[in-house]
Structure formats: C-alpha cells, structure tokens
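Undergrad: Predicted model and sequence follow; I will ask about them next.
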Amino acid sequence: SFVRVRMFGPGHPWHAMDDYTGDLAHIGLAILDRDSGEWAPEFEEALAHPVGDLLVMDRVVLEPAWRGFGLGPALAGAAIRRLSEG
C-alpha cells in the first residue's frame, strides 16, 4: 500500500503521517523537520529535486512462493516509478 503525503497543503505533513500510522510517523521523523514540516536538511541534500508531494510505500506483501528471488525491491521500484508519473 502507498500513502501520498501532501507537502504543500493546508495541513502539517508530519502530523498527517503521525495520524495515519506509527510506522509512517517514524519515517516522517527521519525525513522531515517535525516543527516546520519542511524536509530535514540531511534528507533534502540526498534528493536530486526536493519538490512535490511525498509517496511512501507503507506495506509490501509478496506471496510466499515468490519470495527469495529478489523481486520485492524490483517490483517496489517499478510501482514507485509508475505512481510518481503524475
């Protein structure tokens, strides 16, 4: 499952993440400044173009028969690329 966090909306991005799940709040603490809602400086430096909303992969479930083949990261990357195209 994926969660889209609006970075430039009326609400505070970290509060929205915290309200959703504890896991998402933990991700938010790693990449956002909790007070301002802006990108954390370390995270912003790692981004090529820090603009737009945030797409977070919250959960991935791969059927047991398909596990162990390295498909998880490949499929996750493909899903993110497809969903981030607008």
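TA: Here it is on my side, so go on.
Undergrad: what sits up against stretch 47-54?
TA: Counting by Cβ atoms under 8 Å, 6 or more residues apart in numbering, the neighbours of stretch 47-54 from elsewhere in the structure are 4-8, 13, 31, 39, 43-44. For glycine as for every other residue, the C-beta is placed from the backbone atoms N, C-alpha and C.
Undergrad: May I see the residues you listed arranged in CSV, with pLDDT, neighbour count and secondary structure as well?
TA: Formatted as CSV, the entries for those read as follows, by pLDDT from 0 to 100; neighbours: other Cβ atoms under 10 Å; DSSP: H, G, I helix; E, B strand; the rest coil:
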residue, pLDDT, neighbour count, secondary structure
Arg4, 84, 12, strand
Val5, 86, 21, strand
Arg6, 86, 12, coil
Met7, 84, 16, coil
Phe8, 81, 9, coil
Pro13, 89, 23, helix
Ile31, 89, 19, helix
Trp39, 87, 19, strand
Phe43, 87, 14, helix
Glu44, 85, 13, helix
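Undergrad: Among those, which one lies nearest to Ala79?
TA: Minimum distance to Ala79 across those is 13.1 Å, recorded for Arg4 (Cβ to Cβ).
Undergrad: what pairs with that closest one across the strands?
TA: Beta-bridge pairing of Arg4 under DSSP bridges involves Leu55.
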